[in-house]
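*Asks:* sharing a model that was predicted from the sequence below.
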Amino acid sequence: MRVKTPARREAILAAAAEVFKEMGFEGASMAEISARIGGSKATLYSYFKSKEELFVEVTHGEAKKQMEPALAALDQEVDDLELTLRVFGEKAAAFLCQESTLQTHRMIVAESGRSDIGRRFHEQGPKMGLERVAAFLQKQMAAGRLRPADPMLATLQLCALLDCETVKPMMLGLEKSISRPRLKRMVARAVETFLAAYAVR
């Protein structure tokens, strides 16, 4: 039996990303992905147990690269909380509004009613990001910059504010694109509303 290697795994993920992009989740098949890499389905299944597992791994790989700069903005010492939240919000919203990201989320929503892919996707990716944001907000509460509250609830509310003018209209096709200056204004409004509820004045 061929030994599994990181290079082979990366080749599988690259081929799978192409297939999912071209055919969508439902139209993609493990047979097509294995054909792209020039191997057998048995080899493919030795790396990933199901199409769902492979899809989640593909989406998280890209999301991690794109979201890490946004989350890293929260890891620094904070002098200006509003500015820090705006930098985070702009980086996160810019990634989430990319057509490739929107396409992935649409596939996940469409499939979630038929499988546990939505839960898998959330628990292996977005949930970890939310926990990092919540840890940051909890630190700001402890420092007296934000009023004491449930940090995860505050995180969910912040994300909802960031999404309502940016991601949601893009997901529904109400917006085709959002310019950088306009995105900055949208994020600024979201952060201003969040701080109106949580900031210690």
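*Replies:* Perfect, thanks for sending it. A quick note: this is a predicted structure, and the numbers were derived from the prediction, not measured.

*Asks:* make it CA atoms for all contacts and neighbour counts henceforth
*Replies:* Will do.

*Asks:* specify the residue ranges that define each domain of this protein.
*Replies:* With domains defined by automatic domain parsing, the chain comprises 1-49, 51-198.

*Asks:* could I get those as CSV with mean pLDDT and mean neighbour count?
*Replies:* Below are the domains of the chain laid out as CSV (pLDDT from 0 to 100; neighbours: other CA atoms under 10 Å):
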stretch, mean pLDDT, mean neighbour count
domain 1-49, 85, 15
domain 51-198, 91, 17
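
*Asks:* what's near enough to touch residue 12?
*Replies:* 33, 34, 37, 44 (CA atoms under 8 Å, 6 or more residues apart in numbering).

*Asks:* closest to residue 70 among the residues you listed?
*Replies:* Proximity of the contacts of residue 12 to residue 70 (CA to CA) peaks at residue 33, which lies at 31.5 Å.

*Asks:* just to revisit the earlier point, the contacts of residue 12 in helices, which ones?
*Replies:* 33, 34, 37, 44 (DSSP state H).

*Asks:* re earlier: of the contacts of residue 12, which pair is most distant in space?
*Replies:* Maximum distance among those (CA to CA): 9.2 Å, for 37 and 44.

*Asks:* CSV please, covering the ones in helices among the contacts of residue 12 and showing distance to residue 127.
*Replies:* Converted to CSV, these look like this (distance: CA to CA, whole Å):
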residue, distance to residue 127
33, 28
34, 30
37, 31
44, 27
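
*Asks:* between these, which is nearest residue 82?
*Replies:* Distance to residue 82 across the ones in helices among the contacts of residue 12 (CA to CA) is lowest for residue 33, with 45.1 Å.

*Asks:* which residue, neighbours along the chain excluded, lies closest to that closest one?
*Replies:* Nearest residue to residue 33, sequence neighbours excluded (CA to CA, 6 or more residues apart in numbering): residue 16, at 5.6 Å.

*Asks:* dihedrals phi and psi, that neighbour?
*Replies:* When read as degrees, to the nearest 10, the backbone of residue 16 gives phi -60, psi -40.

*Asks:* contacts only, for it.
*Replies:* With CA under 8 Å, 6+ apart, residue 16 has these contacts: 33, 54, 55, 58.

*Asks:* and the third one, what does it touch?
*Replies:* Contacts of residue 55 were listed using CA under 8 Å, 6+ apart, and they are 16, 17, 20, 25.

*Asks:* how much space separates residue 15 from residue 27?
*Replies:* Using CA to CA, to the nearest Å, one obtains 15 Å as the distance from residue 15 to residue 27.

*Asks:* repeat for residue 127
*Replies:* Applying CA to CA to residue 127 and residue 27 gives a distance of 27 Å.

*Asks:* and which of the contacts of residue 12 is nearest residue 160?
*Replies:* Among the contacts of residue 12, and counting by CA to CA, the member closest to residue 160 is residue 33, at 35.7 Å.

*Asks:* could you measure from that closest one over to residue 25?
*Replies:* The value you get for residue 33 to residue 25, if CA to CA is used, is 12 Å.

*Asks:* please save the CA atoms from stretch 67-78 in PDB.
*Replies:* C-alpha atoms of stretch 67-78 as PDB (Å, rounded to 0.1, in the frame of the first residue of the first chain):
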ATOM      1  CA  MET A  67      -9.200  34.900   8.100                       C
ATOM      2  CA  GLU A  68      -6.000  34.700  10.000                       C
ATOM      3  CA  PRO A  69      -5.000  38.300   9.300                       C
ATOM      4  CA  ALA A  70      -8.300  39.500  10.500                       C
ATOM      5  CA  LEU A  71      -8.100  37.400  13.700                       C
ATOM      6  CA  ALA A  72      -4.500  38.400  14.200                       C
ATOM      7  CA  ALA A  73      -5.600  42.000  14.500                       C
ATOM      8  CA  LEU A  74      -7.300  41.100  17.800                       C
ATOM      9  CA  ASP A  75      -4.100  39.500  19.200                       C
ATOM     10  CA  GLN A  76      -2.300  42.800  19.700                       C
ATOM     11  CA  GLU A  77      -2.300  45.100  22.700                       C
ATOM     12  CA  VAL A  78      -5.200  47.500  22.200                       C
END
